[in-house]
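Student: predicted coordinates and the sequence they were generated for:
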Amino acid sequence: MSEENLRVVRGAIEAFDRKDFKAMAAATHDDFEFVSVFREVDRDEATYRGRNAWETYSAVMEETWEEWRLEDREYVEGEGDGVAVAVTLVGRGRHSGAVVERRVGIAYRIRDGKLWRARSYFDPDDALEAVGLRE
């Protein structure tokens, strides 16, 4: 099942890169929840829910970043329903113009062949730990 979980996560990230939110919604469980370490103004972290979570998250990122992309993806099968992904976020702040290149981790949980839970971490090792792995 873990190979299928990797396929689900890879396909979803590729759809996200294309901003294909219809494909993202189809790959996402109805009760999906994503917790991002990139906080909103009045919170320590931001939580996005439902099948349209990725479209909402992308809109927030577009407000924050003049340009941004995910590079150097590394996918790791976790235990059970988990997949960890380490990525490099590369972007330029919309208001500050500051260039950022930051390695982050994302832990995914799959249910019924769809994205069910996701949480990002500033330390990719934390994403590995969240899916039952230690480096």
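Tutor: In hand now; what should we look at? Numbers count the residues shown, from 1 in each chain.

Student: and the gap between the most centrally placed residue in the chain and S36?
Tutor: Nearest to the mean C-alpha position of the chain, counting by C-alpha atoms, centre = their mean, stands I106 at 5.4 Å. According to C-beta to C-beta, to the nearest Å, I106 and S36 sit 9 Å apart. In short, each C-beta sits where N, CA and C put it, glycine included.

Student: which residues do these two both contact?
Tutor: Common contact partners of I106 and S36 (C-beta atoms under 8 Å, 6 or more residues apart in numbering): S120.

Student: buried stuff in stretch 16-23?
Tutor: F16, F21, A23 (16 or more other C-beta atoms under 10 Å).

Student: right, and the residue nearest to the centre of the chain touches D123 too?
Tutor: No: proximity of I106 to D123 does not meet the contact threshold set by C-beta atoms under 8 Å, at 11.6 Å.

Student: mind giving me the packing neighbours of the longest helix along the chain?
Tutor: In terms of residue count, the longest helix belonging to the chain (DSSP state H) is helix 2-17. Packing partners of helix 2-17 (3 or more C-beta pairs under 8 Å, 6 or more residues apart in numbering; DSSP states H and E): helix 21-26, helix 53-64, strand 65-77, strand 82-93, strand 99-111, strand 114-121.

Student: what packs against the third one?
Tutor: In other words, strand 65-77. So strand 65-77, by 3+ C-beta pairs under 8 Å, 6+ apart, packs with helix 2-17, strand 82-93.

Student: worst mean pLDDT across the helices and strands of this protein, which element?
Tutor: helix 53-64 (a mean of 83; mean pLDDT, DSSP states H and E).

Student: can I get that one in PDB? Just the C-alpha atoms.
Tutor: In PDB, the C-alpha atoms belonging to helix 53-64 read as follows (Å, rounded to 0.1, in the frame of the first residue of the first chain):
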ATOM      1  CA  ALA A  53      -7.800  23.500   1.100                       C
ATOM      2  CA  TRP A  54      -5.000  23.600  -1.500                       C
ATOM      3  CA  GLU A  55      -6.700  26.400  -3.500                       C
ATOM      4  CA  THR A  56      -7.100  28.500  -0.300                       C
ATOM      5  CA  TYR A  57      -3.500  27.800   0.700                       C
ATOM      6  CA  SER A  58      -2.200  28.700  -2.700                       C
ATOM      7  CA  ALA A  59      -4.100  32.000  -2.600                       C
ATOM      8  CA  VAL A  60      -2.500  32.800   0.800                       C
ATOM      9  CA  MET A  61       0.900  32.000  -0.600                       C
ATOM     10  CA  GLU A  62       0.300  34.200  -3.600                       C
ATOM     11  CA  GLU A  63      -0.500  37.100  -1.300                       C
ATOM     12  CA  THR A  64       2.700  36.500   0.700                       C
END
